[in-house]
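**Student:** When you get a sec, could you give me coordinates for this:
(2 chains)
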Amino acid sequence: MQVFWAMFKRDWVLAFRQNAEFLQPVLFCLLVVTMFPLGIGPSPQTLQKVGPGIIWVAALLASLLALEKLFKQDFLDGSLEQLILTPYPLPLLALAKITVHWVVSALPLLLLSPILALFLNLTWDMYWALLFTLLLGTPLMSLIGAIAVALTAGLNKGGTLLGLLLLPVYIPLLIFATATVESASLNLPYLAQLAIIAAMLLLALALAPFAVAHAIKVSQN
Amino acid sequence: MWKWLHPYAKTEATYQLCGRLYPWFLFFAVALLIGGTFWGLVFAPADYQQGDSFRIIYIHVPTAMLSMSTYAAMAILGFIGLVWQIRTCYMGVAAIAPVGAIMTFIALFTGAAWGKPMWGTWWVWDARLTSELILLFLYLGIIALYGAFDDKIQGGKAASVMSIVGVVNLPIIHYSVKWWNTLHQGATITKFEQPSIAASMLWPLLINILGFALLVAAFTCKRLQNEILTREMRRPWVQSMLLKEETGNAV
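**Tutor:** Residues are numbered from 1 along each chain as shown, chains lettered A, B, ... in the order given. Got it, this is the predicted structure:
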């Protein structure tokens, strides 16, 4: 546990020392959401209908953008290699890195979500459902995404490849998340869909750190 | 079993095995596919509801089933490769992926062609169609990932990890018609229950499923051989084999 916190603190400090970068994905998300009312017309009914989907797709794209940097720096300066050599369990260290990444890149998005909901004319019920799905869904994205990021860490052209690898895997999450908000908009119970997302999150939490640890070893060859 | 499988961790043994199996697989695949398709398209009775257009089932169902089982095979190979560190398995993953992608594409294409007369539309965002499309993207992603690495052993490992991650999609495809009650019809053949298809229609379908399975096996053998050759070009056994072939041809 101590190791976890040490790793957490290191990455946390690093994230804030390079503070220009970590807000970029959130701003990107905000910009993408702003584009849609301009593109499909500002009618409140239309926006309410497509809003949750837009927010979620924007969040997925922003998470791709943010994930790219997860292991890059450490890979380039060799500290990732040092992490493998430490006697501490690599999955735990990977989990610490992913946690920091989530706090730094996804939490701002959650804080921003009222503005997104306001932009897209979501009702109060829909907003709560959206917040819950984001709360459960964004750590899931970070966990699964970290596997692919660790695999492509050694590649120069990782960016587009990452999208190609990850977006298909994200689609089930997208389907359940938007179904949750859809149910909320019709005043139906949406606990079942949330429970499925929570189940996916727990499964990922149990397995993904090991997959990430293995992927790091693969990328270090 | 282990003793029997163990020699194939060596690429040379695998190369020889694939070379021996390939003509048999291909011969029976072609024979079965010609027989099954001919039987299905000409002799099988027309469907009471869908008329003659149901006959596309003889291409659509086998390729759809194989698109999934090929993916499963790839993930299992990847898993074996990662656990026991066997190089041949990584090559197998790389060899299977494009074959599976083609099967998925054929399944999607014939599905669209079947959907037009039956549902009145080429494409709907139905659960099974969407998950099958995701499967195609997964295949393409894995092929791209493998291609992105200069070091092919590393690329093979990466592709293996990614194919295992993608396995979650398989149960989603399989149960999508049960979980979401959408446009796509339910399963026609099941193992344990009485199939809801007449025997005269079922037999050519089964023959074609076997035919396509053997076709996939044949293509995989050939691709695996190529993969082994290109990767082990500088190995003595490849060079001596090629040399022997050359002199054999000269005589």
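
**Student:** For the residue of chain B found nearest chain A, the count of nearby residues, please.
**Tutor:** Closest to chain A within chain B is residue B:137: 3.9 Å, counting by CB to the nearest CB. Where C-beta positions appear, they are placed from N, C-alpha and C, glycine not excepted. For residue B:137, the count of nearby residues is 19 (other CB atoms under 10 Å in any protein chain shown).

**Student:** Quick check, pLDDT for the residue of chain A found nearest chain B.
**Tutor:** Residue of chain A nearest chain B, by CB to the nearest CB: residue A:168 (3.9 Å). Looking at residue A:168, its pLDDT is 86.

**Student:** And the helices in the stretch 1-150 of chain B, which stretches?
**Tutor:** Counting by DSSP state H, counting those that start in this stretch, the stretch 1-150 of chain B has these helices, from start to end: B:2-5, B:11-38, B:57-84, B:87-119, B:127-148.

**Student:** Compare the ones you listed and report which one is nearest to residue A:111.
**Tutor:** For the helices of the stretch 1-150 of chain B, proximity to residue A:111 was assessed by CB to CB; helix B:127-148 is nearest, at 31.2 Å.

**Student:** Any idea how far whichever strand or helix holds residue A:32 is from the middle of the chain?
**Tutor:** Assigned by DSSP states H and E, residue A:32 belongs to helix A:24-40. With CA atoms, centre = their mean, to the nearest Å as the basis, helix A:24-40 stands 17 Å off its chain's centre.

**Student:** Check stretch A:65-80 too.
**Tutor:** 16 Å.

**Student:** So which bits of chain B are right by chain A?
**Tutor:** Counting by CB under 8 Å from any CB of the partner chain, chain B comes close to chain A at B:82, B:130, B:134, B:137-138, B:140-142, B:144-145, B:148-149, B:151, B:154, B:157-158, B:161-162, B:164-166, B:168-169, B:172.

**Student:** which among those residues end up buried?
**Tutor:** Among those, those scoring as buried are B:82, B:130, B:134, B:137-138, B:140-142, B:144-145, B:148-149, B:154, B:157-158, B:161-162, B:164-166, B:169, B:172 (criterion: 16 or more other CB atoms under 10 Å in any protein chain shown).

**Student:** so residue B:172 makes contact with residue A:172?
**Tutor:** Yes - with contact defined as CB atoms under 8 Å, residue B:172 reaches residue A:172; the gap is 6.2 Å.

**Student:** Which parts of chain A are helices?
**Tutor:** Taking DSSP state H as the test, the helices found in chain A are A:2-17, A:19-22, A:24-40, A:44-67, A:72-76, A:79-85, A:90-105, A:107-119, A:124-152, A:158-185, A:191-220.

**Student:** which residues make contact with stretch A:80-92 from outside it?
**Tutor:** Residues outside stretch A:80-92 that contact it (CB atoms under 8 Å, 6 or more residues apart in numbering or on different chains) are A:3-4, A:7, A:71, A:74, A:93, A:153, A:209-210, A:212-213, A:216-217, A:219-220.

**Student:** 10 Å instead?
**Tutor:** Here stretch A:80-92 makes contact (CB atoms under 10 Å, 6 or more residues apart in numbering or on different chains) with A:1-4, A:6-7, A:71-75, A:93-97, A:150, A:153-154, A:207-214, A:216-217, A:219-220.

**Student:** any idea which of the helices of the stretch 1-150 of chain B scores lowest on pLDDT?
**Tutor:** Note on the helices of the stretch 1-150 of chain B: lowest mean pLDDT is at helix B:2-5, with a mean of 69.

**Student:** quick one: low-confidence parts of chain A?
**Tutor:** A:19-21, A:157-158 (pLDDT under 70).

**Student:** Chain B contacts on that one?
**Tutor:** A:144, A:147-148, A:150-152, A:154-158, A:160-172, A:175, A:200, A:203-204, A:207-208, A:211-212, A:214-215, A:217-221 (CB under 10 Å from any CB of the partner chain).

**Student:** try 8 Å
**Tutor:** Residues of chain A lying near chain B (CB under 8 Å from any CB): A:144, A:147-148, A:151-152, A:154-155, A:157, A:161, A:164-165, A:167-169, A:171-172, A:175, A:211, A:214-215, A:218-219, A:221.

**Student:** What residues does the nearest residue to residue B:69 once chain neighbours are set aside make contact with?
**Tutor:** Once flanking residues are discounted, residue B:69 sits nearest to residue B:213: 7.7 Å by CB to CB, 6 or more residues apart in numbering or on different chains. Contact analysis of residue B:213 by CB under 8 Å, 6+ apart lists B:62, B:66, B:69.

**Student:** Quick check: ChimeraX command selecting the buried ones in the residues you listed.
**Tutor:** In ChimeraX syntax, the buried subset of these is picked out as below (16+ other CB under 10 Å):
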select /B:62,66
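
**Student:** Residue B:218: which of the contacts of residue B:213 is nearest?
**Tutor:** Nearest to residue B:218 out of the contacts of residue B:213 is residue B:66 (CB to CB; 12.5 Å).

**Student:** For residue B:213, see how far away the closest one is.
**Tutor:** 6 Å (CB to CB, to the nearest Å).

**Student:** burial measure for residue 24, as a count.
**Tutor:** As the question left the chain open, I've gone with chain A. Residue A:24 has 14 nearby residues by other CB under 10 Å.

**Student:** Sorry, I should have been clearer: chain B.
**Tutor:** Counted with other CB under 10 Å, the neighbours of residue B:24 add up to 13.

**Student:** Residue B:60 too?
**Tutor:** Neighbour count for residue B:60, taken as other CB under 10 Å: 20.

**Student:** Not counting sequence-adjacent ones, nearest residue to it?
**Tutor:** Leaving aside its sequence neighbours, residue B:60 is closest to residue B:110 (4.1 Å, by CB to CB, 6+ apart).

**Student:** residue contacts, that neighbour?
**Tutor:** B:56, B:59-60, B:63.

**Student:** Scan these and report the most crowded one.
**Tutor:** Neighbour counts for the contacts of residue B:110 (other CB under 10 Å) peak at residue B:63, which has 25 neighbours.

**Student:** check contacts around that one.
**Tutor:** Contact partners of residue B:63, counting by CB under 8 Å, 6+ apart, are B:103-104, B:106-107, B:110, B:212.

**Student:** still on that earlier bit, quick one, phi/psi of the residue nearest to residue B:69?
**Tutor:** phi -60, psi -40 (degrees, to the nearest 10).

**Student:** roughly how far apart are it and residue A:88?
**Tutor:** Distance, residue B:213 to residue A:88, by CB to CB: 47 Å.

**Student:** Repeat that for residue B:152.
**Tutor:** In terms of CB to CB, residue B:152 sits 32 Å off from residue A:88.

**Student:** of the two, who's got more company?
**Tutor:** residue B:152 (18 against 14).

**Student:** and that one, what does it touch?
**Tutor:** Taking CB under 8 Å, 6+ apart as the criterion, residue B:152 is in contact with B:90, B:94, B:146, B:231.

**Student:** Please apply the same query to residue B:224.
**Tutor:** B:14-15, B:18, B:91-92, B:95.

**Student:** May I see the residues you listed arranged in TSV, with distance to residue A:108 and neighbour count as well?
**Tutor:** Putting those into TSV (distance: CB to CB, whole Å; neighbours: other CB atoms under 10 Å in any protein chain shown) gives the following:
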residue	distance to residue A:108	neighbour count
B:14	51	23
B:15	54	24
B:18	53	24
B:91	44	27
B:92	44	28
B:95	44	23
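
**Student:** All good on my end, thank you.
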